[in-house]
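Visitor: Let me see the structure of the following:
(chains A, B, C and D)
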Number of protein chains: 2
Amino acid sequence: MISRKSKYALRALLALAQAPDNTPLLIGDIAEREAIPRLFLEQILLDLKRNGLVVSRRGKSGGYLLLRRAETITFGEVLRLIDGPLAPLPCLSKMAYRRCADCTSEQACLIRKVFAEVAESTRAILDTATLADALAGRAPLTGADLA
Amino acid sequence: MISRKSKYALRALLALAQAPDNTPLLIGDIAEREAIPRLFLEQILLDLKRNGLVVSRRGKSGGYLLLRRAETITFGEVLRLIDGPLAPLPCLSKMAYRRCADCTSEQACLIRKVFAEVAESTRAILDTATLADALAGRAPLTGADLA
DNA sequence: CTTAATGTTGATCAAATTAGTCGTGTTTAG
DNA sequence: CTAAACACGACTAATTTGATCAACATTAAG
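Guide: Modelled structure (predicted):
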């Protein structure tokens, strides 16, 4: 399960991606439209801003704008930012590898091989699916693409 | 990330699957061999027993045995048992569907389609990979199998 | 230059989940 | 009988999740 926070982040980004160019959206409007607790959304948008996905304008007629094009923002990037590594085991994360504390040999680890397949296939999907894809309703990848 | 508990459960089951037929393994031996906290492992094995994956014998010369054949126990089954639904969103779980509280229309949900792909592909792997596969070091599924 | 609308920040909090631990059983082979 | 095993419910500590709050900084419009 992904966290609620990631889900909110993705929905907020999709809302921004749909806004007319250079029209900032208000936190409050996004919160209402997407049914996200307003104060929580503030935090999330700040995270996204610190990571260069969005920009904000302060003061009257301020709000949030998508900084990068919707075609360049993947689900994987957003999820890693909010939830941390996608991999099912720490020793399978490419971006944030950590040795499993209790594992004597990664080579010999019997469960690792199975989860490596899972990690590869979810990466293939999530690092390919962009906000633009989601807006277009396009299926991100079919099994055939993974071959 | 899967929970430590699930990882322990899988490793314990693999240990049992490797034991000579009708030789019960002691909790303590599994715990030591797999570097699992002993008291925690007791709990986990009880869960597995209640769900019919293993049996135990009490008293002197007791211990645990695999109840079903290693070919019939999938990673997916074990993970669902311990961690709950595999699906990344509650509304995508086949075994434990729950409506997303904040979602107005599942049809229109833009993030759902992407995660539906993820759900399908991880199910394809985890519901296919058995303990026997893991012992054989066999790769569970390649991308090509998903097409 | 005032003011109202907006985002900013760090702290704090409650609930749930995770990862264990403990004590006191009960069962059974020898 | 008894030592070696599993059984089981309650308990606890640490972490993560999902927020909420108060006080503040910036800006456009009038």
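
Visitor: Reduced to three states, what does A:Thr104 come out as?
Guide: The three-state label given to A:Thr104 by DSSP: H, G, I helix; E, B strand; the rest coil is coil.

Visitor: Now do the contacts for it.
Guide: For A:Thr104, the contact set (CB atoms under 8 Å, 6 or more residues apart in numbering or on different chains) comprises B:Ala35. Placement of C-beta: from N, CA and C, glycine included.

Visitor: Please apply the same query to A:Arg69.
Guide: Contacts of A:Arg69 by CB under 8 Å, 6+ apart are A:Ala132.

Visitor: ditto for A:Asp47
Guide: Residues near A:Asp47 by CB under 8 Å, 6+ apart: A:Ala9, A:Leu81, A:Ile82.

Visitor: Now rank these by neighbours and give me the top one.
Guide: Of all those, the highest neighbour tally under other CB atoms under 10 Å in any protein chain shown goes to A:Ala9, namely 24 neighbours.

Visitor: and whichever strand or helix holds that one, average pLDDT?
Guide: A:Ala9 belongs to helix A:4-18 when assigned by DSSP states H and E. If you average the pLDDT over helix A:4-18, you get 98.

Visitor: Any part of it near DNA strand D?
Guide: Yes - judged by CB under 7 Å from any atom of the strand, helix A:4-18 and DNA strand D are in contact via A:Arg4, A:Lys5.

Visitor: and that helix, C-alpha only, in PDB?
Guide: Coordinates of the C-alpha atoms in helix A:4-18 are reproduced here as PDB (Å, rounded to 0.1, in the frame of the first residue of the first chain):
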ATOM      1  CA  ARG A   4      -2.100   8.600   1.800                       C
ATOM      2  CA  LYS A   5       0.500  11.300   1.500                       C
ATOM      3  CA  SER A   6       1.800  10.000  -1.800                       C
ATOM      4  CA  LYS A   7      -1.700   9.700  -3.100                       C
ATOM      5  CA  TYR A   8      -2.400  13.300  -2.100                       C
ATOM      6  CA  ALA A   9       0.800  14.400  -3.700                       C
ATOM      7  CA  LEU A  10       0.000  12.700  -7.000                       C
ATOM      8  CA  ARG A  11      -3.500  14.100  -7.100                       C
ATOM      9  CA  ALA A  12      -2.300  17.600  -6.300                       C
ATOM     10  CA  LEU A  13       0.300  17.300  -9.100                       C
ATOM     11  CA  LEU A  14      -2.300  16.100 -11.500                       C
ATOM     12  CA  ALA A  15      -4.500  19.100 -10.600                       C
ATOM     13  CA  LEU A  16      -1.600  21.500 -11.200                       C
ATOM     14  CA  ALA A  17      -0.900  19.700 -14.500                       C
ATOM     15  CA  GLN A  18      -4.400  20.400 -15.600                       C
END
